[in-house]
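Enquirer: Output the structure for:
(one chain, ligands or ions: 2)
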Amino acid sequence: MKHPKRWLIVPAAGIGRRMQAECPKQYLRIQSRFILDITLSRLLDSVAFDGCMVSLNPSDQWWVSTEASADERISTCLGGHERSDSVLAALQALSERASPDDWVLVHDAARPCVHPADLERLITVLADHPVGGLLAAPVSDTLKRGTGSDVPEVAETVDRRGLWRALTPQMFRYGLLTEALQSAGREQHPVTDESSALEFFGKMPVLVEGRTDNIKVTVPADLELAGFLLSRS
Ligand SMILES: Nc1ccn([C@@H]2O[C@H](COP(=O)(O)OP(=O)(O)OP(=O)(O)O)[C@@H](O)[C@H]2O)c(=O)n1
Ligand SMILES: C[C@](O)(CO)[C@H](O)COP(=O)(O)O
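Expert: Ligands and ions are numbered 1, 2, ... in the order given. Prediction:
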């Protein structure tokens, strides 16, 4: 039986609106390196991939200045309006090289602190699984649902038992992930991660516990925290 290949997709076509920075957040620097370069090097230096596809914004003017742009292992494609569109564009850009049973790991460009041990655990746990799964962290805080007003008040406390925070990478079979994202798009079913598309497609992805320091750089305060975490890794 043909051994499945392993592909990496890094959606990096966002504009980082919540970061309120002068450039898309994946091009902010930590220790003088672009966040995107840090993320890609942590992934590619830790795991053997058969190829890597990075989705870029059509207006991207920074990619040409990255270390990654000179890396022969990495190809690029144009991303889309939503993260899911950017992931689907990367899957379609790999269509000539990938087979349905190949593994695809999808990781946010904005998560530079991902730890090699988490990558190894995800790949090992899911190696023989027919669908795949994702890194996730059990919720440890008490959760409140707020009212939508300018001064939000507690509407209810949400039972946190069994709740997890989805992280990335998320790892699924190439064919199934492509079909699931296409189906969610046709049905205009909003998905904010790959697992949501598989769930909509009737599958139950595996939750693989990951480190809580695998943060997504989203708002200004996250940049200093990511810098601290990277200084210790
Ligand atoms: N149309 C999009 C939107 C997001 N992303 C990528 O998906 C990852 C996670 O998305 P998010 O944190 O929401 O990034 P942004 O969309 O850039 O942030 P914001 O929502 O604040 O604009 C990021 O690496 C981002 O570059 C993408 O490739 N294509
Ligand atoms: C994929 C993800 O990072 C899992 O938590 C998250 O859904 C991305 O959401 P965003 O709004 O695109 O940042």
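Enquirer: wait, residue 208 sits on residue 129?
Expert: No: contact criterion CB atoms under 8 Å: residue 208 and residue 129 do not qualify, at 10.1 Å. The way it works is simple: take the backbone N, C-alpha and C, and place the C-beta from them, glycine included.
Enquirer: ok, the two, which is more surrounded?
Expert: residue 208 (21 against 14; other CB atoms under 10 Å).
Enquirer: for that one, which residues make a bridge with it?
Expert: residue 135 (DSSP bridges).
Enquirer: For the protein, which residues are neighbours of ligand 2?
Expert: 83, 108, 166, 168, 192, 193, 216 (CB under 6 Å from any ligand atom).
Enquirer: In CSV: those, plus neighbour count, distance to ligand 1 and secondary structure.
Expert: Shown next, in CSV, are the residues of the chain next to ligand 2 (neighbours: other CB atoms under 10 Å; distance: CB to the nearest ligand atom, whole Å; DSSP: H, G, I helix; E, B strand; the rest coil):
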residue, neighbour count, distance to ligand 1, secondary structure
83, 19, 4, helix
108, 23, 4, coil
166, 17, 11, strand
168, 26, 8, strand
192, 11, 8, coil
193, 20, 9, coil
216, 17, 5, coil
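Enquirer: I'd like to know which of those is nearest to residue 120.
Expert: Closest to residue 120 out of the residues of the chain next to ligand 2 is residue 168 (15.2 Å), distances taken as CB to CB.
Enquirer: Flag the shaky bits of this protein, pLDDT-wise.
Expert: Applying pLDDT under 70 to the chain flags the ranges 1.
Enquirer: Look up the closest residue to the residue in the chain that ligand 1 sits nearest to, ignoring the ones flanking it.
Expert: Among all residues of the chain, residue 14 sits closest to ligand 1, at 2.1 Å; criterion: CB to the nearest ligand atom. Using CB to CB, 6 or more residues apart in numbering and skipping the chain neighbours, the partner closest in space to residue 14 is residue 24 (6.2 Å).
Enquirer: How about residue 193?
Expert: Nearest non-adjacent residue to residue 193 (CB to CB, 6+ apart): residue 166, at 5.2 Å.
Enquirer: what do you get for residue 201?
Expert: Residue 201 sits nearest to residue 180 (CB to CB, 6+ apart), 3.8 Å away.
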